[in-house]
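Student: One predicted model, sequence on top.
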Amino acid sequence: MSQAVSFGLWYDFRNPQAWRQPNEQFYAERLAQISRAETLGFRSCWLTEHHFCDDGYTPSPLVLAGAIGARTEHIRLGTNLMLLPLHNPVRMAEDAATVSLITGGRFDLGVGIGYRELEFEAFGRKLSQRPSLIEEGIEIIRRAWSGTAVNFAGKRFQVGDLKVTPTPDNPPKIYLGGMVEPAIQRAARIADGFLCTGGIGLDIYNEAVEKSGKAIEDTDVVLGCWAIIAADPEAEAANIGDHVLYHINEYIKWGAFGPPDQVPLFEDAPTAIDNGLYELWDADTAVAELNKLLQAYPNIRDIHFWAQFPGESVASGDARMRYIAERVLPRLG
């Protein structure tokens, strides 16, 4: 491995009705948890985005990144991921640059193409235009951070002789996520790295990188890991099963894994865990599996884990967080 690997936590800030907390308390508890995570040795925090969700799935990851940056000193912040086709890319460039500046360059911008028709309709976008929206959006953001005028004319956006300020002293890397082959190949072609979900597409990405003429070691893979890591992972899975079932089934309902009318919901938690993206690992298994991944894919730069599943308490997530920090992180890399 040519670069040090960061290990961190992943947050969606979902507060489902069945386990609802007052929202201010909910946010305060999680921000405090992230501060604790830094003291335990976690070195990254990743935030994701959706809109108009009954459970409050965060629509504002850049606002959260700024708040987390103010409470931490070393932890690196990123989005995994933001839905770039829903946004004006100039405004995203401005906001992301501001986050980078107020965190001392501790921010990377991860984006994806999106899939929920409700969100696209609400923001006046078309699902059919996602490829051009994201490709043009990334190009505009890069130009906006260059310190020169954008001067871009494309199918979806026209930005004239505008210089976007302030520019970041340390421009964020732009990562691109995806779970299907065209999206993964696009990440190899136009992004600084690949946001990988649960290990899906690693070989496709690295093959596409090589075909594009780039060196694998010059690219980044940021891996969102869905493993449940605990001293007794089967017992842990049973304890949090309702939260895990909610987690995966909501994504299925939205179309994350294909058309919702073609991908059935899981009927119960054991089935979801057996057949979803989840792995059940104790510390020894986690160390073996993660080190195997790092050896096989030397461009993995970050691996992060769900801090807690929707509706699960911070105290429950804290227990896994401490176990990972004490029993897993010191033995990796």
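Tutor: Cool, got the structure.
Student: Can you report phi and psi for Ile300?
Tutor: phi -70, psi 120 (degrees, to the nearest 10).
Student: What's opposite it in the beta bridge?
Tutor: Beta-bridge pairing for Ile300 (DSSP bridges): Val221.
Student: thought it was touching Val5?
Tutor: Yes - applying Cβ atoms under 8 Å as the test, Ile300 and Val5 come out as touching, 6.2 Å apart. Heads up, the C-betas are built off the backbone N, CA and C, glycines and all.
Student: tally of neighbours for Arg189?
Tutor: Arg189 sits with 14 neighbouring residues when counted by other Cβ atoms under 10 Å.
Student: I meant to write Leu9 there.
Tutor: Leu9 has 24 nearby residues by other Cβ under 10 Å.
Student: Spit out the contact partners of it.
Tutor: Counting by Cβ atoms under 8 Å, 6 or more residues apart in numbering, Leu9 touches Ile34, Ala37, Phe42, Ser44, Cys45, Trp46, His304, Phe305, Trp306, Ala307, Met321.
Student: Confirm that it sits in a helix.
Tutor: No - Leu9 sits outside any helix when classified using DSSP: H, G, I helix; E, B strand; the rest coil, being strand.
Student: How about it, nearest residue that isn't a chain neighbour?
Tutor: The shortest distance from Leu9 to any non-neighbouring residue, by Cβ to Cβ, 6 or more residues apart in numbering, is to Ala307 (4.2 Å).
Student: correct me, but Met179 touches Gly199?
Tutor: No - shown here, Met179 and Gly199 do not form a contact pair, counting by Cβ under 8 Å, at 10.5 Å.
Student: Need the residues touching each of these two.
Tutor: Shared contacts of Met179 and Gly199, defined by Cβ under 8 Å, 6+ apart, are absent.
Student: remind me which residues of the chain are low pLDDT?
Tutor: Within the chain, the stretches with pLDDT under 70 are 1-3.
Student: most centrally placed residue in it?
Tutor: In the chain, the residue lying closest to the centroid (Cα atoms, centre = their mean) is Asn80, at 1.7 Å.
Student: And it, how close does it get to Pro260?
Tutor: Asn80 is 22 Å from Pro260, where distance means Cβ to Cβ, to the nearest Å.
Student: just Trp10 next, same as before
Tutor: Remark: distance between Trp10 and Pro260 (Cβ to Cβ) = 23 Å.
Student: For Thr219, the count of nearby residues, please.
Tutor: Thr219 has 22 neighbours, counted by other Cβ under 10 Å.
Student: which residues touch the residue nearest to Leu9?
Tutor: Ala307 makes contact with Leu9, Trp10, Tyr11, Arg30, Gln33, Ile34, Ala37, Gly317, Met321, according to Cβ under 8 Å, 6+ apart.
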